[in-house]
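>>> task: produce atomic coordinates for the following.
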Amino acid sequence: MERVWGGRRLEALLGKQLPPGKKIGESWEVVDRPEAQSVVRQGSLKGKTLHELWCDDRTEIFGTGIPDSPRFPILGKLLDATEKLSLQVHPPAKVAQSLGGEPKSELWYFLATEPGAEIFAGLRAGVQRDQFADALHTGGIPDLVYRLALRTGESFFVPSGRLHALGAGNVVVEIQQNSDTTYRVFDWARRDDSARPRDLHFAESIRSISFDDYEPEPVRAEGEQLLRCPHFLVEKWEIAGERLALLEPRFALFVCLSGEIAATDEVFRPGDFFLVPASGQKTALRSLGEKSIALRITLPVG
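Here you go, the predicted structure:
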């Protein structure tokens, strides 16, 4: 996905094949959206879309006890913030419904951070709704937003309603609800390719922002578990030798973060996403070096 704030680091760092000359900000790696689909690359289901698997082969691929939804509920991305993104918010569920949008909570895992890179998230302590609303029209929004720096290997949670933006110099894995609703609050006087200011969404943003969300902190892992929320469960696995991919009769998504991981006849390298189906109960992940690291993502059940 071409973005005004994107660059070429998904190619330089992860070996992704990017369209020449384009500023690529996002790579949608696992997606079931009307406008974009993941497709099975090989095997007996070759050519089937993720949406077809979700509708036609749910028990075999995804397992039992899976929450029902019209589409596969997780979207996995890679993001290259060569420039800082707009300050933005994704609406909570009740607000999204009234605005005709979709809620979106997301987890960022930082694959690479440049010196001085930061993120914007939540409000500085004491900022009030009326103060924020006044600043929308004076350009003072950045002074009201909390800033913090994260290092490679750290994670940050952005629930619906949290004002946020990635700063320049961050490459992240993003695990999110299946949604594409974003309301821009402030865009650094940036212009699009036609030299026009990008659209801002003041009214929608004021309704969506959580005004009691002050100075949030990075995710604190509990053992291997990075985050469990109503929308996804994310763990960070260290693989030395072999390890069974599935812990229960349900699917798991994986993202290789470092090293090389072999699963069946495939080898996965940093930035690669892959899905182990519920039917693959005996699938083993094997590190081809001394140690590999991966994110493991599934749906919380129970």
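>>> quick one, what contacts residue 288?
Residues in contact with residue 288 (Cβ atoms under 8 Å, 6 or more residues apart in numbering) are 259-262, 267. Placement of C-beta: from N, CA and C, glycine included.
>>> among those, who's most crowded?
Highest neighbour count within the contacts of residue 288, by other Cβ atoms under 10 Å: residue 261, with 28 neighbours.
>>> show the contacting residues for it.
Contacts of residue 261 by Cβ under 8 Å, 6+ apart are 239, 254, 267-268, 285-288, 292, 294.
>>> who does it form a beta bridge with?
residue 268, residue 287 (DSSP bridges).
>>> redo the contacts of residue 288 as a markdown table? Include pLDDT.
Below are the contacts of residue 288 laid out as a markdown table (pLDDT from 0 to 100):
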| residue | pLDDT |
| --- | --- |
| 259 | 98 |
| 260 | 98 |
| 261 | 98 |
| 262 | 98 |
| 267 | 97 |
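>>> where does the prediction get shaky in the stretch 51-200 of the chain?
Within the stretch 51-200 of the chain, the set of residues satisfying pLDDT under 70 is empty.
>>> go again using 80 as the cut-off
With pLDDT under 80 as the threshold, the stretch 51-200 of the chain has low-confidence stretches at 192-194.
>>> tell me where it has helices.
When secondary structure is read from DSSP state H, counting those that start in this stretch, the stretch 51-200 of the chain shows helices at 58-62, 93-99, 129-135.
>>> so how far is residue 153 from the residue most central in space within the chain?
The central residue of the chain, meaning the one whose C-alpha is nearest the mean C-alpha position (Cα atoms, centre = their mean), is residue 174 at 1.9 Å. Note on residue 174: its distance to residue 153, by Cβ to Cβ, to the nearest Å, is 15 Å.
>>> also residue 238?
With the distance defined as Cβ to Cβ, residue 238 ends up 12 Å from residue 153.
>>> again with residue 127
The span separating residue 127 from residue 153 equals 30 Å under the rule Cβ to Cβ.
>>> the more surrounded of the two?
For residue 127 against residue 153, the residue with the higher neighbour count under other Cβ under 10 Å is residue 127, and the figures read 20 against 14.
>>> residue contacts, that one?
Residues in contact with residue 127, defined by Cβ under 8 Å, 6+ apart, are 144, 211, 214.
>>> just the buried ones from these, in PyMOL syntax?
Command for PyMOL that selects the buried part of the contacts of residue 127, burial taken from 16 or more other Cβ atoms under 10 Å:
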select buried, resi 144+211
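>>> which one among the contacts of residue 127 gets closest to residue 52?
Nearest to residue 52 among these, counting by Cβ to Cβ, is residue 211 at 41.9 Å.
>>> buried residues in stretch 202-213?
Neighbour counts using 16+ other Cβ under 10 Å place 204-209, 211, 213 of stretch 202-213 among the buried residues.
>>> from residue 272, how far out is the nearest residue to residue 267 once chain neighbours are set aside?
Distance criterion Cβ to Cβ, 6 or more residues apart in numbering; nearest residue to residue 267, sequence neighbours excluded, is residue 260 at 5.8 Å. Here residue 260 is placed at a distance of 9 Å from residue 272 (Cβ to Cβ).
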